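Engineer: generate a structure from the sequence data that follows.
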Amino acid sequence: MPERETSMGAMDDVDAVTRAVLTASRLLVAVSARSLAAVEERVTLPQFRMLVVLSTRGATKLVALADLLQVAPSTAMRMVDRLIAAGLADRQHNPVNRRETLLQLTEEGRRTVEDVTARRRAEIAAIVERLTSTQRLALVDALAAFNEAGEEPLAPALDEAEPHPLGWAVDFSVARDV
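Structural biologist: Down below sits the predicted model:
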């Protein structure tokens, strides 16, 4: 097991903290990838992100969805088409303006988001359970400060509805889905 940097000087060093966060992000990416493993033949990571947005926002116009995901509308449309073909999303006419089309999750799409999220939460909880009470408190404080500095909203508690899922300021047009 690699030696941890524990001196005060090392903990104040931006590089040491950056390395620790990079290592943690590698772990979290692995957890995310494993949580998607059961559906990876049907859903890419960018498509799952779209499912999460639709899950939290409900029926959404394509342009708004593309804006939230920070992709071109044409990229969002290709993602939507694949999700519709997989039975995870569908289109409906906007009852207020029949010229507009709204995109929404199917029941299977909703179950997919819930299942993947539950697997991710369970694996993270198993890791957190291995920490001492003191380590857990320190981790909460450190991650709260990190999330605040990165302007990322807090994830919901287990019994709360999912909040508006902003973050991930990534251009998915360079991802697998194009």
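
Engineer: please count neighbours and contacts with C-alpha atoms only from this point.
Structural biologist: Fine.

Engineer: for Ala86, phi and psi?
Structural biologist: phi -80, psi 0 (degrees, to the nearest 10).

Engineer: how many neighbours does it have?
Structural biologist: By other Cα atoms under 10 Å, 14 other residues sit near Ala86.

Engineer: tell me the spacing between the nearest residue to it once chain neighbours are set aside and Arg82.
Structural biologist: Excluding the flanking residues, the one nearest Ala86 by Cα to Cα, 6 or more residues apart in numbering is Arg42, at 6.6 Å. Plainly put, Arg42 is 9 Å away from Arg82 if you go by Cα to Cα, to the nearest Å.

Engineer: need the residue closest to the centroid of the protein.
Structural biologist: Note on the chain: the residue nearest the mean C-alpha position is Arg49, at 5.8 Å, using Cα atoms, centre = their mean.

Engineer: element containing it, please.
Structural biologist: Assigned by DSSP states H and E, Arg49 belongs to helix 45-57.

Engineer: mind listing what's buried along that helix?
Structural biologist: 45-55 (16 or more other Cα atoms under 10 Å).

Engineer: distance to Leu88 and pLDDT for these - can I get that in a markdown table?
Structural biologist: Formatted as a markdown table, the buried residues of helix 45-57 follow (distance: Cα to Cα, whole Å; pLDDT from 0 to 100):
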| residue | distance to Leu88 | pLDDT |
| --- | --- | --- |
| Leu45 | 14 | 86 |
| Pro46 | 14 | 90 |
| Gln47 | 10 | 93 |
| Phe48 | 10 | 93 |
| Arg49 | 13 | 92 |
| Met50 | 11 | 95 |
| Leu51 | 8 | 95 |
| Val52 | 11 | 93 |
| Val53 | 13 | 93 |
| Leu54 | 11 | 95 |
| Ser55 | 11 | 93 |
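
Engineer: ok so, going back, I'd like the distance from the helix holding Arg49 to the chain centre, please.
Structural biologist: 8 Å (Cα atoms, centre = their mean, to the nearest Å).

Engineer: stretch 109-120 too?
Structural biologist: 11 Å.

Engineer: so what touches it?
Structural biologist: Stretch 109-120 has contacts (Cα atoms under 8 Å, 6 or more residues apart in numbering) with 31-32, 34-36, 39, 48, 51-52, 55, 87-89.

Engineer: let's see that with 10 Å instead.
Structural biologist: 28, 30-39, 43, 48-49, 51-56, 83-84, 86-90, 104-106, 108, 121-122, 124-125, 158 (Cα atoms under 10 Å, 6 or more residues apart in numbering).
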